[in-house]
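A.B. asks: Need coordinates for the below:
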Amino acid sequence: MEENFKMVAKTFYGFEDILSSELLKLGAQKIEKGSRSVSFYGDKGFMYKANLSLRTAIKILKPIRSFKFKDQEDFYNKVYKIDWEKYLNKDNSFLVNSIVFHSQLFNHSKYVSQKVKDAVVDRFRDLFKKRPNVELKHPDLRINIHINRNTCNVSLDSSGESLHKRGYKAFGTVAPINEVLAAGIVMLSEWNGDTDFLDPMCGGGTILIEAAMIACNMAPNLNRNEFAFEKWKDWDEDLFEVIEKSVISKTRKFDHKIYGYDISSGVIKKAIENIKNAQLEIDIKVEKKDFFSTSKNEESNLHILLNPPYDKRISYDIKEMYAKIGDTLKNNYTNSNVWLITSNIEGLKHIALHTSKKIKLYNSNLESKLVNYEIYKGSKKKL
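C.D. replies: Coordinates of the predicted model:
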């Protein structure tokens with residue numbers, strides 16, 4: 001039986017709690033929250049399952065060594081002493097990605113990556129008279145280095161490309177939302193699939209697709225072309241197929257509607273193509289409509305999540321737009337639970353509706369707020 005080992009799931013600021021909940025539901029052990037990360041224990045099969053199933057993880061790392069170092073030479077020597085031949089053959093390729101915090105010895109992550117590369121190559125030359133090559137796009141092994149002051153954590157990257165690259169997004173838009181961020185805000189909005197779901201400014205459909213996958217319990221990364229662990233020495237294709245079938249078997253039916261609007265017919269065409277690529281078992285309806293001219297068709301409850309322009313990459317009159325968002329919600333969308341994410345905090349003031357919740361997040365490097373408005377008959381604007 002495979003022994004459990006430690007793994008670290010990287011995530012965005014503010015998603016640590018929901019990522020921990022995801023891991024708990026999957027069956028992870030010894031879960032511990034960090035800053036933009038959650039550590040946990042599981043076996044090789046669980047590593048496969050985590051990569052397939054986690055909605056709010058960016059990477060799944062497998063730590064293999066942690067050490068303190070006195071100087072650059074000591075750092076090189078300790079990296080050199082790692083048994084790299086356990087993970088890499090002399091004819092393989094590898095790539096080193098490094099992150100450096102608060103170090104007086106290293107002030108550039110690329111220099112750290114170069115030192116690690118030298119240590120790995122030198123060890124292979126000394127042992128086998130032949131060295132593996134560096135490959136930027138499709139390496140056989142991805143090495144992750146994290147330095148904080150004089151402590152170095154060495155991990156193997158089991159995911160490869162960021163897990164937000166689900167494999168369904170053939171077309172982006174001018175200001176696309178990251179798939180992990182989209183899934184995270186749907187989960188933070190506490191939508192559990194018991195009402196219809198609307199994104200009235202849907203763009204390429206990312207929020208709609210992530211909501212649909214949550215609604216039918218579809219693992220988010222079933223459509224990915226590749227995970228990094230598929231090139232590892234201990235890759236077990238039979239085990240992966242068993243895990244994959246088990247994950248697929250847990251999908252469920254969804255009885256409500258998921259739909260979206262956008263004012264651009266070109267953007268709607270992109271959304272339709274992305275939805276098709278996601279191979280969802282439920283329908284998502286997207287239409288060319290101006291949200292400000294729409295209203296609910298019935299009195300049933302509705303869950304709304306929107307990601308309006310921030311005036312960063314798309315230029316609008318933010319004051320006017322956000323005021324119209326508030327008016328449209330108040331007048332046309334009673335009995336709706338509304339969530340909105342934006343980095344334009346000034347713009348939020350012009351919505352002029354009472355916020356039930358505010359959650360601090362980051363959209364890329366932009367500090368943002370995820371806010372909640374409960375719209376009911378008689379909702380009052382703030383004075």
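A.B. asks: buried residues in the lowest-mean-pLDDT helix or strand in the chain?
C.D. replies: Least confident helix or strand, the chain: helix 345-349 with a mean of 90, by mean pLDDT, DSSP states H and E. For helix 345-349, the buried set under the neighbour-count rule, 16 or more other C-beta atoms under 10 Å, comprises Gly347, Leu348. C-beta coordinates here come from the backbone N, C-alpha and C atoms, glycine included.
A.B. asks: what's it in contact with?
C.D. replies: The contact list for helix 345-349, computed with C-beta atoms under 8 Å, 6 or more residues apart in numbering, reads Pro308, Tyr310, Asp311, Ile318, Lys319, Met321, Tyr322, Leu340, Thr342, Lys369, Val371.
A.B. asks: nearest to His354, of the residues you listed?
C.D. replies: Nearest to His354, judged by C-beta to C-beta, of the contacts of helix 345-349 is Val371 at 10.2 Å.
A.B. asks: quick check, the closest one in a strand?
C.D. replies: Yes: counting by DSSP: H, G, I helix; E, B strand; the rest coil, Val371 is found in a strand.
A.B. asks: could you measure it against Val247, distance?
C.D. replies: For Val371, the distance to Val247 equals 33 Å [C-beta to C-beta, to the nearest Å].
A.B. asks: same question, Phe46
C.D. replies: For Phe46, the distance to Val247 - C-beta to C-beta - is 12 Å.
A.B. asks: So those two - more neighbours on which side?
C.D. replies: Neighbours were counted for Phe46 and for Val247 using other C-beta atoms under 10 Å; Phe46 has more, 23 against 19.
A.B. asks: which SS state does that one fall under?
C.D. replies: With three-state DSSP as the basis, Phe46 sits in helix.
A.B. asks: check contacts around it.
C.D. replies: Asn4, Leu26, Gly27, Ala28.
A.B. asks: ok, the second one touching Ala50?
C.D. replies: Yes: applying C-beta atoms under 8 Å as the test, Leu26 and Ala50 come out as touching, 6.5 Å apart.
A.B. asks: higher neighbour count, the two?
C.D. replies: Between Leu26 and Ala50, Ala50 has the larger neighbour count (other C-beta under 10 Å), namely 25 against 16.
A.B. asks: List the residues that contact the residue nearest to the more buried one when sequence neighbours are not counted.
C.D. replies: Excluding its sequence neighbours, the residue lying closest to Ala50 (C-beta to C-beta, 6 or more residues apart in numbering) is Ile60, at 5.3 Å. Ile60 makes contact with Met7, Val8, Ala9, Lys10, Met47, Ala50, Asn51, Leu54, Asp157, Ser158, Ser159, Leu163, according to C-beta under 8 Å, 6+ apart.
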